[in-house]
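>>> Show me how the following folds:
(chains A and B)
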Amino acid sequence: MTILVLPRLNSRIARELVAKRWNLAIPVAREVAATSHQRATFASTGEKIRPELLGSFIDELRVSAAGFGYPFRTPSESDARAWDVAATEITWKYLKNLVIAEAGRLDVWAFLTVVACPDLVLWRYPVTTKDALPAGLEARFLGGRRNLLKRFWQRARALTAVGSDWSLLQRVREDDLVQVFERPSLAAIPGLAGMLLTQIASSSESLSARDILKRLNRELPVTGMYFLPSSELDGLVFANSEASREAISRSKKKIR
Amino acid sequence: MTSVLIFPYRTPSAQAISEPVWTVNGSSIDSVDLTGVDYYATIHVRCAIIVDLEELKRSTCQQISELAFILTARSDTAGLFSTLCSADVAEGEVDLGGDVAVADLGDLATLQVQLLRTRVVAPEPDSLIARHKGAVLWSRDEKLRLSGVGSRLSVRAVDLSVDPMLRGVLWQVELDRSDLYSSVSSVAQVSLNSRHPELIALLQSTDEQGLAARILRRQLQLDVARQFVLAAREFENDEGADVLAALPYDSIGAVSIRFAEKVRASGGLASRSELWSLFDSNPASFELILQATYLAPALETH
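Residues are numbered from 1 along each chain as shown, chains lettered A, B, ... in the order given. Here you go, the predicted structure:
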């Protein structure tokens, strides 16, 4: 088996570059984008991604973004979400073989966004102030869970784990996606995130991922969820979704 | 502040299950040498606990047949569970062991052993008994750091025979010296010829004392050493050695110069030019000096 490894950019250098790049005009950011960097490093072992392949990946993201206004028009909320779905599929196409150890590294994702596609970050999350680097924008560049491309990879991995199609991402609210993927302890259970999103998307009533996740989180320390077969895990998600639905319904009645 | 988890049901008393003893690749987890660990490696994790069956039954009020120990490993950086093995609950020592790929763990991993309920049971008079499947009755964690212990150079296995110039070679060492400010790990590449799986097997062998493995590693080290010395010379020709302090520590320039200095000092050579001329005049004797001075002591420690 060949293990694909990506360039890494350590957090200090990544922050320095973000400080220089966050207020560039998008065409200028496109000009400075590159598939390599002098200070980039790689894992000790593995097959380094070919620069041409990395270039094709980023170019495909750009072509896709062009359909939603890149680089000159700021995307509307619906355009941004539609591009997210398309970009998730493209990201998976190129990086589905990324091993867990590599995908978990902050410096890998920091390289991809800070060096390879700063223009796409600035287009997807337009800057509203030029005074100081907004913390929210910095998080899209650095390698944490809000990194532009890491979000796509995580979402794709969750969907493929339950055999769902990409359209599921459009059938749930952005807030629900954020709730699901910003809880690493639950995201660690294979398939759980996908099952939860499927449950929310298929429900005729409005379900809140926030509330269901609170319930699942309470069960996590006392239940070995990784041990449960997918049918029983699905049952657990369903039971908690039902409990959440009933609780919300009761509280609505009280308010009336 | 440490948090204590209170289980909402009966759990084993402190006397029922001993604290686990963890080993990785046969060594205690505290002293384990993970020098050879990299993405292609698999580590063997073992956990041993001692169970007092009567005490376990008494304190949990559980049917032992409905419980099992589960050993898992979790990547802390990416968040993914790998279930390694399970074992029935029994009197005395319970051994759990399994293999896990480093590529599934990353830099930091959590090894975990838990006692779980394996199936749902009918309501019992004692309302404090854990009934749901997967209920955790007992749990212990151990952190395992894998970062920074792999080889410094990028190693891959490829079919080198597709290049007519390389047909028959066992490996190729490449060091891109075009930009000596670049980090070593981004410009160095050792390619093993996948047409020789016996070579790869030998390098991955844990038999450090084996003569064949030692010779092979020594030859690889020599090839790498030659590349570094060449880089150092090139850099000094261009820039002069005084810029060492200004170079990034992990850059190919800085690493090469430090390496060449070490070789020169070990060989008792008076000057850099002596080292360069030796290499120019006779690569074979350069290798012999390298083996006799710099590399031999390192090999003897194996």
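>>> Could you report the pLDDT at residue 252?
Since no chain was named, I'll use chain A. pLDDT for A:Lys252: 75.
>>> I was thinking of chain B, sorry if that wasn't clear
Per the predicted model, pLDDT is 77 at B:Ile252.
>>> who's in contact with it?
Residues counted as contacts of B:Ile252 (Cβ atoms under 8 Å, 6 or more residues apart in numbering or on different chains) are B:Leu175, B:Asp176, B:Arg177, B:Asp179, B:Leu180, B:Tyr181, B:Ser182, B:Ser183, B:Val184, B:Val187, B:Ala188, B:Ala231. Every C-beta, even on glycine, is put in place using the N, C-alpha and C of the backbone.
>>> ok, A:Arg151 touching A:Gly143?
No: proximity of A:Arg151 to A:Gly143 does not meet the contact threshold set by Cβ atoms under 8 Å, at 11.4 Å.
>>> ok, A:Ile13 - contacts?
Applying Cβ under 8 Å, 6+ apart to A:Ile13 gives the contacts A:Arg39.
>>> Check for me that A:Leu61 belongs to a helix.
Yes: judged by DSSP: H, G, I helix; E, B strand; the rest coil, A:Leu61 forms part of a helix.
>>> So is the helix or strand where B:Arg217 lies next to chain A?
For B:Arg217, the host element (DSSP states H and E) is helix B:211-239. No: residues of helix B:211-239 contacting chain A under Cβ under 8 Å from any Cβ of the partner chain: none, with a closest distance of 13.2 Å.
>>> Please name the spatially closest residue to residue 22 (chain neighbours excluded).
I'll assume chain A. The spatial neighbour of A:Trp22 that comes closest, neighbours along the chain excluded (Cβ to Cβ, 6 or more residues apart in numbering or on different chains), is A:Leu133 at 4.8 Å.
>>> that's the wrong chain, I meant chain B
Using Cβ to Cβ, 6+ apart, the nearest residue to B:Trp22 is B:Ile29, at 4.2 Å.
>>> ok, now which ones touch the one you found?
Neighbouring residues of B:Ile29 by Cβ under 8 Å, 6+ apart: B:Trp22, B:Thr23, B:Glu142, B:Leu144.
>>> For chain B, give me its nearest residue in the stretch 101-250 of chain A.
A:Gly104 (2.8 Å; Cβ to the nearest Cβ).
>>> what about that residue, how many neighbours?
Residues within reach of A:Gly104, counting by other Cβ atoms under 10 Å in any protein chain shown, total 24.
>>> now swap in the one 3 residues further on and tell me
By other Cβ under 10 Å, the residues close to A:Asp107 number 19.
>>> same check, this time on B:Leu216
For B:Leu216, the tally of surrounding residues (other Cβ under 10 Å) stands at 17.
>>> separation between it and B:Thr42?
21 Å (Cβ to Cβ, to the nearest Å).
>>> what does A:Val222 give?
Distance of A:Val222 to B:Thr42, given as Cβ to Cβ: 32 Å.
>>> These two: which is more packed in?
The neighbour comparison of A:Val222 against B:Thr42 (other Cβ under 10 Å) goes to A:Val222, with 19 against 13.
>>> Write out the residues of the stretch 51-200 of chain A neighbouring chain B.
Close to chain B, as judged by Cβ under 8 Å from any Cβ, the stretch 51-200 of chain A has residues A:99-105, A:184-185, A:187-190.
>>> What's the PyMOL line that selects buried ones from those?
Here is the PyMOL selection string for the buried members of these, based on 16 or more other Cβ atoms under 10 Å in any protein chain shown:
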select buried, chain A and resi 99+100+101+102+103+104+105+187+188+189+190
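>>> where's the dip in pLDDT among the residues of the stretch 51-200 of chain A next to chain B?
Least confident by pLDDT among those: that is A:Pro190, with 66.
>>> just the contacts of B:Ile29 now: which is nearest chain A?
The nearest member of the contacts of B:Ile29 to chain A, counting by Cβ to the nearest Cβ, is B:Leu144 at 12.6 Å.
>>> which stretches of the chain have low pLDDT?
You didn't pick a chain, so chain A it is. A:1, A:44, A:190, A:204-206, A:256 (pLDDT under 70).
>>> sorry, should have said chain B
Along chain B, segments meeting pLDDT under 70 span B:1-5, B:30-38, B:78-79, B:123-125, B:147-154, B:185, B:204-209, B:235-245, B:249-250, B:266-302.
>>> Tell me which stretches of chain A form strands.
For chain A, the strands defined by DSSP state E occupy A:4-5, A:47-48.
>>> Just the residues contacting stretch A:95-105, thanks.
A:3-6, A:8, A:43, A:46, A:57, A:108, A:143, A:150, A:153, A:156-157, A:160, B:39, B:75-80, B:102-107.
>>> hmm, 7 Å instead?
Outside of stretch A:95-105, the residues within contact range by Cβ atoms under 7 Å, 6 or more residues apart in numbering or on different chains are A:3-6, A:8, A:43, A:108, A:143, A:153, B:39, B:75, B:77-78, B:80, B:102-106.
>>> swap in stretch A:70-90?
A:26-27, A:30, A:60-62, A:64-65, A:68-69, A:119, A:123-124, A:126, A:152, A:155-156, A:166, A:169-170, A:174.
>>> What are the buried residues along that stretch?
For stretch A:70-90, by 16+ other Cβ under 10 Å, it's A:70-71, A:75, A:79-90.
>>> closest to chain B among these?
Nearest to chain B out of those is A:Thr88 (Cβ to the nearest Cβ; 17.5 Å).
>>> ok, the residue nearest to that closest one when sequence neighbours are not counted - contacts?
Spatial nearest neighbour of A:Thr88, excluding adjacent residues (Cβ to Cβ, 6+ apart): A:Phe152 at 4.3 Å. Counting by Cβ under 7 Å, 6+ apart, A:Phe152 touches A:Ala87, A:Thr88, A:Thr91.
>>> on that earlier part again, can I get the residues of the stretch 51-200 of chain A next to chain B in a markdown table with distance to B:Ser13?
Below are those laid out as a markdown table (distance: Cβ to Cβ, whole Å):
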| residue | distance to B:Ser13 |
| --- | --- |
| A:Val99 | 41 |
| A:Ile100 | 37 |
| A:Ala101 | 38 |
| A:Glu102 | 43 |
| A:Ala103 | 41 |
| A:Gly104 | 37 |
| A:Arg105 | 42 |
| A:Pro184 | 33 |
| A:Ser185 | 28 |
| A:Ala187 | 34 |
| A:Ala188 | 30 |
| A:Ile189 | 29 |
| A:Pro190 | 33 |
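>>> Could you tell me which of the residues of the stretch 51-200 of chain A next to chain B are located in helices?
A:Ile100, A:Ala101, A:Glu102, A:Ala103, A:Pro184, A:Ser185, A:Ala187 (DSSP state H).
>>> Which two of the residues you listed have the greatest separation?
Within those, A:Glu102 and A:Ser185 form the most distant pair, 21.0 Å apart (Cβ to Cβ).
>>> Walk me through the domains of chain A.
Following automatic domain parsing, one finds the domains of chain A at A:1-163, A:171-256.
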